[in-house]
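**Q** next comes the sequence, and after it the predicted model I'd like to discuss.
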Amino acid sequence: MVNKSVINNNFSKSAFSYDDHSHMQKRCAGKLIDMLGRKECSRILEIGCGTGVYTRLLNDRYPKAHITATDISELMVGVARKRFHDKRVKFLTADGDLMVPVAGHDLITSNASFQWFDDLRGAFERYAAAMASEGVFCFSMYGPGTFKELKEIVRLCFGPESTLSSDRFIDLEDLRDMLGGVFRAFDLKEEFFTVEFPSLMDLLVDIKHSGARGEGIGKDHFLGKNMIRDMERTYLRKYGKITATHHVYFCKAVIG
C-alpha cells in the first residue's frame, strides 16, 4: 500500500519549489490539453492539482467552465489558490483516492497523480459515476518504467531486493483491463521521455523538489556524499551519462 502520509509530506515540502522542478509534469499537462480538443465544458473536476499548473491550462481552454481542483496537500492547494482570482475556480484539499465526487461533471481530469493511488479501480468507478452522460475522463499517470536507470543503479549499489516506488506503478495491460471494466470506450497510449542531468545530485534534487520521490529507497540506505559519488560512477559506467526515463500513460475515456 502507498504510504499517503509520506506522499502528502513530500508534496507539501515541495510546494514552493515544485514549479522549478516539474518540467515533465508541465509537458504532460500540455499533452492532456491537446487530447481534450475543443469540446465545451461547464463543470470540471481536477484531481491532484498541485500548484495549479494544469488548472491554469484548463481555465484558459474553458473560460466559461466552473472548475473544482483538488489535491491531497494543503500547502500545494494554498499555493494554487493564491494564483487564481477567478470565482469559477475553487480549490479543495482532498485525497482523490478516497473522495466521492458529486454527479454531473462534463470533464474529470488529472495530470500525473494516479500513480500514488491505492484503489485506482475504485477511484475510476467513483469518477465514472460522477460524470455527465456525455462526459469525458482524461488523465496522465506514471508507469513502472519511470526512473528505470536509477532503479538499476540502486539495485547494483544496494542489492537486487532494493526498490523505488515506481516499481509498484501499474503496468499498461493491467491499466487497460481496469479501464475496460469501467468505461465504454477509451484511448490509452504510453510514451517514454528521457531527461539528461549534469550529475546524479542534480537528478536527486529534481526528484525531491518535484515531490516525486515516493517512499525513497528505504530507511536502511543512507545516501551520503561518498555513496552518491559511488552511485554516479556506476551510473556513468553503465549508461555513459546521467539520464532519467519518465514512463507516462495518457488516456481519454467516455462512459456514454
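**A** Yes, it's here.
**Q** helix, strand, or coil at the closest residue to Tyr142 other than its chain neighbours?
**A** Of all residues beyond its chain neighbours, the one nearest Tyr142 is Gln115 (4.3 Å), with distances taken as CB to CB, 6 or more residues apart in numbering. Every residue, glycine included, has its C-beta placed from N, CA and C. Remark: Gln115 carries the secondary structure label helix [criterion: DSSP: H, G, I helix; E, B strand; the rest coil].
**Q** state the distance from Gln115 to Gly50.
**A** If you measure Gln115 against Gly50 using CB to CB, to the nearest Å, the figure is 14 Å.
**Q** these two: which is more packed in?
**A** When neighbours are counted by other CB atoms under 10 Å, Gln115 and Gly50 differ, and Gly50 comes out ahead with 29 against 25.
**Q** of all the residues in stretch 116-132, which ones are buried?
**A** For stretch 116-132, the neighbour count (16 or more other CB atoms under 10 Å) marks 116-117, 120-121, 123-124, 126-128, 130-132 as buried.
**Q** show me what contacts Ala253?
**A** 136-138, 179, 182-183, 185-187 (CB atoms under 8 Å, 6 or more residues apart in numbering).
**Q** again, 7 Å this time
**A** By CB atoms under 7 Å, 6 or more residues apart in numbering, the contact list for Ala253 reads 137, 179, 183, 185-186.
**Q** quick one, phi/psi of it?
**A** The phi and psi values for Ala253, taken as degrees, to the nearest 10, are phi -130, psi 160.
**Q** once you drop chain neighbours, what's closest to Ala65?
**A** Nearest residue to Ala65 in three dimensions, chain neighbours excluded: Cys41, at 4.6 Å (CB to CB, 6+ apart).
**Q** give the contact list for that neighbour.
**A** With contact set as CB under 7 Å, 6+ apart, Cys41 has these partners: 62, 65, 106-107.
**Q** need those in a markdown table with pLDDT, can you?
**A** Below are these laid out as a markdown table (pLDDT from 0 to 100):
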| residue | pLDDT |
| --- | --- |
| Tyr62 | 95 |
| Ala65 | 95 |
| Asp106 | 95 |
| Leu107 | 97 |
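**Q** how about the residue most central in space within the chain: what's its closest non-neighbour residue?
**A** The residue at the geometric middle of the chain, judged as the C-alpha nearest the mean C-alpha position with CA atoms, centre = their mean, is Ala112 (1.9 Å). The shortest distance from Ala112 to any residue that is not its chain neighbour, by CB to CB, 6+ apart, is 4.9 Å, and that residue is Gln25.
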